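Colleague: coordinates only, sequence not included:
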C-alpha cells in the first residue's frame with residue numbers, strides 16, 4: 001500500500017525503460033548527467049560528486065523524493081527530484097540527457113513532471129495543506145525544458161542573474177577592502193567551545209533574512225528548523241561563513257526599529273540617555289564554499305544576504321559583501337558568486353555591479369499551482 005510519502009514510480013516510460021529510487025552507486029552517473037545538461041546550455045558545470053551524493057544519500061535527501069530513469073541499455077538518462085522546500089512551496093528539479101531525441105525527451109519529461117506533481121500533492125497532504133506551488137529553475141537558454149514546462153501548465157515568472165566577482169590576494173590583507181561605516185560592525189556568528197554556533201546568533205540570522213526578504217518576489221515564510229536544515233544540506237556549508245552586521249542605534253531610532261521588528265522587543269528607547277546607543281542587528285550573510293574551477297581553485301558563494309528594511313541605507317549590504325570578499329581572499333580563493341533577482345525591488349544588481357560583480361548566466365523561475373482535491377486546508381502564499 002502506497003503511503004503519502006512513497007508514491008509509485010513512473011510506469012509510462014518507453015518500452016524496456018525502467019525507473020528506480022537512486023542510491024549511492026548511482027552518484028557517478030548522475031554527476032555526469034548533471035554536468036552534461038549544464039554544459040549543453042552554459043558550456044560549463046558546477047555540479048560535483050559531494051553535491052549529488054548529498055541529494056541522493058546525504059542530508060539533502062531527507063527533504064527530497066526522487067527517481068532515476070534508465071533506458072533499455074541501462075544508461076541513466078533522466079533524474080527528477082521533488083524538494084519539500086517550505087509550506088506551500090515545492091521545488092522540482094529535472095535533468096534529462098540532451099542526447100535523447102526531442103520526441104523521446106519530451107515523453108520522459110512529461111512522465112517525470114506528472115510523477116513530480118503527484119509527489120508534491122502528497123507532500124502538501126502530509127503537511128495538512130490545500131495546495132502548493134511548484135517551482136522549477138531553468139537556464140534562460142534551455143528552450144527544450146521551457147517547452148516541456150509550458151505544455152505541463154507552468155508559467156515563467158522571473159529571471160535571475162548569476163554573477164561572479166574575481167578576488168585578488170591583496171583584498172585579504174589588512175585594509176584590502178573598504179572598512180564599514182562608523183557605528184557598523186560585521187562579526188561571525190558566535191560559537192561554543194565545541195565549535196558549534198550559538199543558537200541565539202543563528203536565530204538572529206534567520207530573523208534578519210526572513211524580514212529582509214518579506215518584500216521580495218516569491219518569499220515564503222520558512223521556519224527556523226527548515227531554514228537551518230536546508231542550508232546545512234549544502235556540502236559547501238561552513239558555520240564560519242555566517243556573519244551578522246550590527247549597528248549602533250541612537251535613542252531616537254531605537255523605538256522605530258523595535259516596532260519594525262529589527263530590534264528585540266525588550267529594548268526600551270526611554271532607557272537610553274541622550275547620546276547613548278544600543279547595538280542591534282541590521283543584516284546577515286550566509287556564504288558557502290564553491291567547488292574548484294577549471295584551474296582547481298575553490299571560490300566562495302553568497303547563499304543569502306539580507307538587510308532589514310529598516311536598516312537600509314546605512315551601508316550594511318556593502319559591509320557584508322566586503323566581508324565575504326576579504327574572507328575569500330584570506331582563504332586563497334579566486335572568486336565570489338551570487339544570484340540576484342533581475343527585478344530586485346532594492347536594486348541589488350546595481351550594487352553588485354558597482355562592486356565588481358558581472359553576470360555569467362541567467363536562469364528563470366517557472367511556477368505551477370496545484371490544489372489538493374477535496375481539501376479545505378490552507379494554501380500558503382508568498383509575501384509578494
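Modeller: Sure, I can see it. The shown structure was predicted, so the numbers you read here are calculated from the model rather than taken from an experiment. Numbering: from 1, shown residues only.

Colleague: partners of residue 158 in the sheet?
Modeller: Beta-bridge partners recorded for residue 158 (DSSP bridges): residue 365.

Colleague: next one: it relative to residue 341, how far apart?
Modeller: Taking C-beta to C-beta, to the nearest Å as the measure, residue 158 falls 7 Å from residue 341. All C-beta spots, glycine's among them, are computed from the backbone N, C-alpha and C.

Colleague: next: residue 221.
Modeller: The value you get for residue 221 to residue 341, if C-beta to C-beta is used, is 18 Å.

Colleague: nearest residue to the middle of the chain?
Modeller: For the chain, residue 303 is the residue whose C-alpha lies nearest the centre (C-alpha atoms, centre = their mean; 6.1 Å).

Colleague: and for it, nearest residue in space, chain neighbours not counted?
Modeller: residue 286 (4.8 Å; C-beta to C-beta, 6 or more residues apart in numbering).

Colleague: same thing with residue 53?
Modeller: Nearest one to residue 53, counting by C-beta to C-beta, 6+ apart, is residue 27 at 5.0 Å.

Colleague: next, count neighbours for the one you found.
Modeller: 20 (other C-beta atoms under 10 Å).

Colleague: looks to me like the residue nearest to the centre of the chain is in a strand.
Modeller: Yes. With DSSP: H, G, I helix; E, B strand; the rest coil as the criterion, residue 303 is located in a strand.

Colleague: so how far is stretch 73-82 off the chain centroid?
Modeller: 23 Å (C-alpha atoms, centre = their mean, to the nearest Å).

Colleague: what of stretch 369-384?
Modeller: With C-alpha atoms, centre = their mean, you get 22 Å for stretch 369-384.

Colleague: ok, back up a step: beta partners of the residue nearest to residue 303?
Modeller: residue 242, residue 304.

Colleague: list the contacts of it.
Modeller: Applying C-beta atoms under 8 Å, 6 or more residues apart in numbering to residue 286 gives the contacts 205, 209, 231, 241-242, 302-305.

Colleague: can you list the residues you listed in TSV and add pLDDT?
Modeller: Output for those, formatted as TSV (pLDDT from 0 to 100):
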residue	pLDDT
205	97
209	93
231	94
241	98
242	98
302	98
303	97
304	95
305	96
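
Colleague: where along the stretch 1-150 of the chain do the strands fall?
Modeller: 18-20, 64-70, 76-86, 89-96, 131-139 (DSSP state E, counting those that start in this stretch).

Colleague: columns mean pLDDT, distance to residue 297 and mean neighbour count on top of those, output as TSV?
Modeller: TSV is the format used below for the strands of the stretch 1-150 of the chain (pLDDT from 0 to 100; distance: least, C-beta to C-beta, whole Å; neighbours: other C-beta atoms under 10 Å):
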stretch	mean pLDDT	distance to residue 297	mean neighbour count
strand 18-20	97	37	15
strand 64-70	97	30	21
strand 76-86	95	28	23
strand 89-96	96	26	22
strand 131-139	96	24	22
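
Colleague: in CSV: the ones you listed, plus distance to residue 225.
Modeller: Below are the strands of the stretch 1-150 of the chain laid out as CSV (distance: least, C-beta to C-beta, whole Å):
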stretch, distance to residue 225
strand 18-20, 30
strand 64-70, 17
strand 76-86, 11
strand 89-96, 16
strand 131-139, 19
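
Colleague: for the stretch 251-384 of the chain, which residues score under the pLDDT cut-off?
Modeller: Along the stretch 251-384 of the chain, the model assigns pLDDT under 70 to residues 251-275, 383-384.

Colleague: any idea which helix is longest in the chain?
Modeller: Counting residues, the longest helix in the chain under DSSP state H turns out to be helix 102-126.

Colleague: what segments of the stretch 251-384 of the chain are strands?
Modeller: Under DSSP E, counting those that start in this stretch, the stretch 251-384 of the chain gives strands at 277-290, 299-307, 335-341, 358-371.

Colleague: that older thread, got a winner among the contacts of residue 286 for most neighbours?
Modeller: In the contacts of residue 286, the most neighbours by other C-beta under 10 Å go to residue 205, 26 neighbours.

Colleague: list the contacts of that one.
Modeller: 189, 242, 244, 284, 286.

Colleague: and for residue 156?
Modeller: Here residue 156 is in contact with 138, 146, 364-366 (criterion: C-beta under 8 Å, 6+ apart).

Colleague: average pLDDT across the host helix or strand of it?
Modeller: Applying DSSP states H and E as the criterion places residue 156 in strand 155-166. Taken as a whole, strand 155-166 carries a mean pLDDT of 96.

Colleague: in that strand, what's buried?
Modeller: 158, 160-165 (16 or more other C-beta atoms under 10 Å).

Colleague: repeat that for stretch 327-336.
Modeller: Buried, per 16+ other C-beta under 10 Å, within stretch 327-336: 327-329, 333-336.

Colleague: residues in contact with that stretch?
Modeller: By C-beta under 8 Å, 6+ apart, stretch 327-336 touches 164-173, 176, 241, 287, 290, 293, 295, 297-302, 324-325, 357.
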